[in-house]
Every structure is written in structure tokens, then in C-alpha cells.
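Got a sequence here, can you model it:
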Amino acid sequence: MRGADEGGGDAQRQQIVVVQVLLNVDTGHVVFYTDTVSQNREKREYDALEGTTHVGSKAMLEQQVGQWLHLERMALHYRLLGQTQRPSSLVLYLHGFPSCAKEAALFATHASKRDALILAVDRPGFGHSPTTPHCIHSFIKSDLPHFLASILPSLPSSSFQKFSILGVSGGGPYTCSALYNWSISPPKNLPPIHAVTLAAAMPSGMYYRNSFSSLPLKTKLQWSIFKYAPSSLLGKLSLYQRRIMVDISSMYLSGNPVDKKKALDQLKIYMSPTDFQTLTNPDSDVDYMKVFMEFSRDAFSQPEDAFSLAFSNTAKQYFADPGFRLEDIPPLRTAENPDGRTAKVHIFQGGADVQVPKELGFMLAKIPDSKLHFCENESHISLLVNKSRDIIDSLLD
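Numbers count the residues shown, from 1 in each chain. The predicted structure is shown next:
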């Protein structure tokens, strides 16, 4: 896999490297070689088992390893899902919080049917991307465009007819930042954006609104902790959540029927009935509960201290000043269409969602020229599963 930086200057050209990934399943180590543009070879090791002692077999470990690209300030792990053989469209997937790139598997079936490739990236500190302190908006302005520009030449298509962005849940603020920053200064060497969809997504800029007044009490309390609690407390709370989900997902994926039942019984305590029924629907063509358990396990792959740092840093930034208001997001323009929005903006919101309540979907609808798809009876995960076809279609139609 080879990337090339189009910018000038030796220092800038050193940012993009070549990564060759080799997995030693006997030791659990991923050995990857990096080549800078100047052909300096460097060997690095990533301990795939550190912080993931719940991995129970070599086969599981092999399934968890995707691909890395090493930038100057961070190493980003990514996955390719959907149509991976000569796709006609590309969807950049920005996952939830706390979650990981494997979450995009919820949409892989329908993406494949629409001949679309999903490029899903583990944000720093989640999944397999090592923790690096970063700002949401600097990540969107510089790191992600560098990543995309270097990845595009290596993807299984010489050109894409359409390039769209899907932001889910906690990926919402990153998506809003991309909408704003990329409309002000479109990244070089990237195709024009066809559509942007936010699904069960948090808005950015909640700091300047009376955001909590209309929220359900449970959500209001949880988000008040995110906003006002010290980072040390957030770190401890994140580890509590981490241990619960690692235990549940490990039991479910162990292959032991007794453990699997225990996992489902525990999950019922923490998940809304609508979401649980959706994931366990026996008539579904996809085993969505397995998909959920796999990305839930993968999300917490970083060591505890690294994950807690990423969690607390991200939670605080959701309530920081993004430097723009949703209603002030300008049209995404290109040279071919300098006077109007080139990207369609869709918002999918469930009326029964208690994690990202409907009031937040109404906030997102303040983005100019956006279209709100309000689904009264859907909850947080049920929206993503039951409306996955509609969500993918909104990105490609």
C-alpha cells in the first residue's frame, strides 16, 4: 500500500509512508514496515494482544487486523467493507462513540449491493488506532485529508463516480466539522462530495445552546457528566463501561451456548428493548447481534490507560467551541458549481432514541438545505439496522 503527499517541502513529504502489515499469530504481534518517500526503512511492532486479552483464538486475532497508514502525528487503522472489487462509489465512514471502524459492517450488505466501498477509520484511541491527543477540528482539517489523499491511489478503483460521508452517533461532530471546514477550504486531491448523511448523530457546537433543557432525564444526567465532570472521573467511568462491554462481547463470541445466553441476559439490562429486539430478530438476513458484539469488542482494543485518555478527551471536545454554528455551515462548492451546494445533506433520527434523543436531530436539521428523515418508532441501533438501506441510498442517489 503506497501513499504520496502532493504538497511541497521535504518535511511535508515525510508525513506519508508505506505500510506493509505482517501478522504473527503465534506471538500476537503485528509487524509492519514503513517506508518514507525518501525510502528510509523502519520496522515497528504493534502488540495486537495488549489491552485485548479477551481475544480467545488466533482466528479471532486474524479477523481483527485491518490495515494501517502512518502519518507524522498518528497511525490510523482502517477497514474496507462493502463492495471491495472495482466499486463505483466511495463512502467515508465516521464511527460512533465509543466505537470503531468495524461498526460500518452494519451497512456493508447494502453498500455492496449499491456497488459502494466503505472506508472506515478507527479514530485515535479507539479500535486499533493508537491514542494520540487531538482536536476534532484539526483532525478533520489536516490529518483526515492527508489520510484520504494517500489512501485513494491504493483503493480498488482508479476513480469513483461518487464520494460521500456517513457520520453515525458520536461521529456526528466530526461530520459537521467536515461539512464546515471542507466547505470553507476544500481539501486538495480529494473528489467533490456527493452527499453527507448523519444517522442517530450528535451535533457539534452544543456548548452554545441550552441543549439539555429538552432532553430525557437519563440523557441529561449522562451528558452533564460528560460536560462538567473532571477528566479523571470520565476516565474511570469509561473503564467501567469498557469492562462491561468487553465481558459481554467476549462471552457472546466465545462459542459457548451458556456464556452466550449470559451475555444476552446482561445486554438486556443496558440496551433499550427496541434495539435488543432488532439485533436478535431471527428473520434478519444478517446476524446483527454478532456484528454488534464484534465491533463492541473491537472498540476497546487499546490498553486501559490509552482508552480512558481518548474517551475523556473526546467527551470534553463534544461540548467545546467548534468555531461555527450549524446554521452557518456554507454550501460545499467546487469549481464546477461555485454558486451552490454540491453535497446533499441527510439527517436520520429515531423518535425513540434515548442515547441521541430526537431533539438533537432537530438541531442538526438547522444545517442549511438539509433534509430530516424522522423515524418515530426507531431507537438508536434499530435506526441504523432497519434504515440501513435508506441511509446508504441517501449517500448514493
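
C-alpha from now on. contacts and neighbour counts both.
Fine.

Show me the shaky parts of the stretch 151-300 of the chain.
158, 206-216 (pLDDT under 70).

show me what contacts the closest residue to Thr132 other than its chain neighbours?
Nearest residue to Thr132, sequence neighbours excluded (CA to CA, 6 or more residues apart in numbering): Pro124, at 5.6 Å. Applying CA atoms under 8 Å, 6 or more residues apart in numbering to Pro124 gives the contacts 74-76, 130-134, 310.

ok, the spatially most central residue of the chain - contacts?
For the chain, the residue nearest the mean C-alpha position is His95 (1.7 Å; CA atoms, centre = their mean). His95 makes contacts with 101, 103-104, 120-122, 167-171, as judged by CA under 8 Å, 6+ apart.

now could you export just the CA positions of stretch 234-250 as CSV?
Taking Å, rounded to 0.1, in the frame of the first residue of the first chain, the C-alpha atoms of stretch 234-250 are listed here in CSV:
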residue,chain,number,x,y,z
LEU,A,234,-14.6,10.5,33.0
GLY,A,235,-11.6,8.1,32.6
LYS,A,236,-12.8,5.9,35.5
LEU,A,237,-16.4,5.8,34.1
SER,A,238,-15.0,4.9,30.7
LEU,A,239,-13.1,1.9,32.1
TYR,A,240,-16.3,0.7,33.9
GLN,A,241,-18.1,0.8,30.5
ARG,A,242,-15.2,-0.9,28.8
ARG,A,243,-15.1,-3.8,31.3
ILE,A,244,-18.9,-4.4,30.9
MET,A,245,-18.8,-4.4,27.1
VAL,A,246,-15.6,-6.5,26.9
ASP,A,247,-17.1,-9.1,29.3
ILE,A,248,-20.4,-9.2,27.4
SER,A,249,-18.9,-9.4,23.9
SER,A,250,-16.3,-12.0,25.0
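
Any idea how far it is from the middle of the chain?
Computed by CA atoms, centre = their mean, to the nearest Å, the chain-centroid distance of stretch 234-250 equals 19 Å.

contacting residues around that stretch?
Identification of contacts with stretch 234-250 by CA under 8 Å, 6+ apart yields 54-55, 225-226, 263-264, 266-267, 293-294, 296-297, 300, 304, 307-309, 311-312.

Let's see that with 6 Å instead.
With CA atoms under 6 Å, 6 or more residues apart in numbering as the test, stretch 234-250 has contacts from 54, 263, 293, 297, 308, 312.

Repeat that for stretch 376-389.
By CA under 6 Å, 6+ apart, stretch 376-389 touches 107, 110, 275, 278, 350-353.

Could you rerun that using 8 Å?
Contacts of stretch 376-389 (CA under 8 Å, 6+ apart): 106-107, 110, 199-200, 272, 274-275, 278-279, 288, 348-356, 375, 391.

what's near enough to touch Pro98?
By CA under 8 Å, 6+ apart, the residues touching Pro98 are 126, 170, 299, 311.

Can you report phi and psi for it?
Here is the backbone geometry of Pro98 (degrees, to the nearest 10): phi -80, psi 130.

what about the stretch 1-150 of the chain, any weak spots by pLDDT?
1-66, 134.

all helices of it, in order?
10-13, 58-64, 108-113, 136-138, 144-151 (DSSP state H, counting those that start in this stretch).

one step back: which of the contacts of Pro98 fall within helices?
Per DSSP state H, helices hold the following members of those: 299, 311.

Could you confirm Phe348 falls within a strand?
Yes: Phe348 sits within a strand when classified using DSSP: H, G, I helix; E, B strand; the rest coil.

So what's the residue count around Ser284?
Applying other CA atoms under 10 Å, we find 12 residues neighbouring Ser284.

Which members of the contacts of stretch 376-389 are positioned in helices?
110, 274-275, 278-279, 288, 391.

now those: which count as buried?
110, 274-275, 278-279, 288, 391 (16 or more other CA atoms under 10 Å).

Could you identify the longest helix within this structure?
Ranked by number of residues, the top helix in the chain under DSSP H is helix 231-252.

Just after that helix, pick out the following helix or strand.
Once helix 231-252 ends, the next helix or strand along the chain (criterion: DSSP states H and E) is helix 257-270.

and that next one, what does it pack onto?
If you count contacts as 3 or more CA pairs under 8 Å, 6 or more residues apart in numbering; DSSP states H and E, helix 257-270 packs onto helix 231-252.

Could you check the helix it packs on and say which residues are buried?
Neighbour-count burial for helix 231-252, counted by 16+ other CA under 10 Å, picks out 231, 234-236, 238-239, 242, 245-246, 248-252.

And the strands in the stretch 101-250 of the chain, which stretches?
Assigned by DSSP state E, counting those that start in this stretch, the stretch 101-250 of the chain shows strands spanning 116-121, 162-168, 195-199.

Show me what the shortest one is in contact with.
I take that to be strand 195-199. Contacts for strand 195-199 (CA under 8 Å, 6+ apart): 163-169, 172, 175, 342-349, 383-384, 391, 394-396.

Tell me which strands that strand pairs with, and in which orientation.
Taking DSSP bridges as the criterion, strand 195-199 sits next to strand 162-168 (parallel), strand 344-350 (parallel) in its sheet.

export the ones you listed to JSON lines and tack on distance to Thr219 and mean neighbour count?
Formatted as JSON lines, those follow (distance: least, CA to CA, whole Å; neighbours: other CA atoms under 10 Å):
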{"stretch": "strand 162-168", "distance to Thr219": "18", "mean neighbour count": "24"}
{"stretch": "strand 344-350", "distance to Thr219": "15", "mean neighbour count": "24"}
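
The helix or strand harbouring Phe295 vs helix 257-270, what angle?
If you go by DSSP H and E, Phe295 is part of helix 288-299. If you take axes from the mean of the first three to the mean of the last three CA atoms, to 10 degrees, helix 288-299 sits at 80 degrees to helix 257-270.

could I get helix 288-299 in PDB with only the CA atoms?
In PDB, the C-alpha atoms belonging to helix 288-299 read as follows (Å, rounded to 0.1, in the frame of the first residue of the first chain):
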ATOM      1  CA  TYR A 288     -26.700  -8.100  13.500                       C
ATOM      2  CA  MET A 289     -26.100  -9.200  17.100                       C
ATOM      3  CA  LYS A 290     -22.900 -10.800  16.100                       C
ATOM      4  CA  VAL A 291     -21.900  -7.700  14.200                       C
ATOM      5  CA  PHE A 292     -22.700  -5.600  17.300                       C
ATOM      6  CA  MET A 293     -20.700  -7.800  19.600                       C
ATOM      7  CA  GLU A 294     -17.700  -7.800  17.200                       C
ATOM      8  CA  PHE A 295     -17.500  -4.100  16.900                       C
ATOM      9  CA  SER A 296     -18.200  -3.600  20.600                       C
ATOM     10  CA  ARG A 297     -15.200  -5.900  21.400                       C
ATOM     11  CA  ASP A 298     -13.000  -4.200  18.800                       C
ATOM     12  CA  ALA A 299     -13.800  -0.700  20.100                       C
END
